[in-house]
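# below are the sequence and a predicted model; questions follow.
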Amino acid sequence: FFKGFGITLKSTSFLKLCAATFLVFNGFMLVASFQFYVIIYYVAGGDESLGAKYAGYAGTVGAICTFAVVAFVTWLGTRIGKRYAFFVSIGMSIIGYGLKWICYNPDIPLLVILPAPLMAFGLGGLFTLVPSMVADVVDADELETHERREGMYGSIFWFMVKLGMAAALGGGGYLLNATGFSVDLGGQQADQTITMLRIFDAGIPVITSALAIWAVASFPITEKVAHEVRMKLEQRRGRS
């Protein structure tokens, strides 16, 4: 167990995928609740009922678009390769997060819907592509070591996701306090508080997603390499 654990953690390719997943997923989770605060206290001017309605519109559109994103990214990965499909998917989500600064507008509240389809590319693309890329790492590891450790890779990967999510949910509370938000003020939040909420809501996922692209940019297992590895494994142990 410990030998396999150590070998898994020595895989730089795997660590890059873990870092990218941590950045994209937890960058989103860190400020997940901020979108509702911005919509309610900025777009809807503190009207909780109206703000919840617009937040519901955005959330529904995002959820529906995620299904379409999964299908599209799967198709795209077979055409241009998983690494480049990751760049496209996360790049689209960055545009979506950036559009929040413009589209979350109290003068045109329905614009909150516009960024949702683009933001859906973030998590939809991430959890479609990265697990498949982890499988390529498992194949490369088997070719080198003659041992297969998909269980070890999978357990470490998802443990990292859950640990990061817990840290992000806790960290989100500290960020909210840092904005100066006060429940007692209701719809009368300070202008600085609203500005900080908007900066965190749009800015943090943009930064973490850009860092994730940087991490995957040097991922060495291209489609060609993955195919060659698979062919060598099949020659060694036959088709499975």
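Received it, and whenever you're ready, just let me know what you need. Predicted model only: the values in this text are computed from it and were never measured.

# only C-alpha atoms for contact and neighbour calcs from this point on.
Fine.

# alpha carbons only: can I get the helix or strand bottoming out on mean pLDDT in the chain in PDB?
Ranking every helix and strand in the chain by mean pLDDT, DSSP states H and E puts helix 2-9 at the bottom, with a mean of 75. Extracted C-alpha coordinates of helix 2-9, given in PDB (Å, rounded to 0.1, in the frame of the first residue of the first chain):
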ATOM      1  CA  PHE A   2       2.600   2.600   1.100                       C
ATOM      2  CA  LYS A   3       4.900   1.700  -1.900                       C
ATOM      3  CA  GLY A   4       2.000   2.200  -4.300                       C
ATOM      4  CA  PHE A   5       0.900   5.400  -2.500                       C
ATOM      5  CA  GLY A   6       4.400   6.800  -2.900                       C
ATOM      6  CA  ILE A   7       4.800   5.900  -6.500                       C
ATOM      7  CA  THR A   8       1.400   7.500  -7.300                       C
ATOM      8  CA  LEU A   9       2.400  10.800  -5.600                       C
END
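
# what is the longest helix of this structure by residue count?
Ordering each helix of the chain by length in residues (DSSP state H) puts helix 48-80 first.

# tell me which other helices or strands that one touches.
Other helices and strands packing on helix 48-80, by 3 or more Cα pairs under 8 Å, 6 or more residues apart in numbering; DSSP states H and E, are helix 34-38, helix 82-103, helix 115-145.

# out of those, nearest to residue 200?
Smallest distance to residue 200 across the helices and strands packed on helix 48-80 (Cα to Cα): 7.7 Å, for helix 34-38.

# buried sites along the closest one?
For helix 34-38, burial by neighbour count (16 or more other Cα atoms under 10 Å) applies to 34, 35, 36, 37, 38.

# which of the residues you listed lies closest to residue 223?
residue 35 (36.9 Å).

# how close does the closest residue in space to the closest one that isn't next to it in sequence get to residue 181?
Nearest residue to residue 35, sequence neighbours excluded (Cα to Cα, 6 or more residues apart in numbering): residue 201, at 6.2 Å. When Cα to Cα, to the nearest Å is the yardstick, residue 201 and residue 181 sit 14 Å from each other.

# more neighbours: which of the two?
Neighbour tally, residue 201 and residue 181, criterion other Cα atoms under 10 Å: the higher count belongs to residue 201, 26 against 20.
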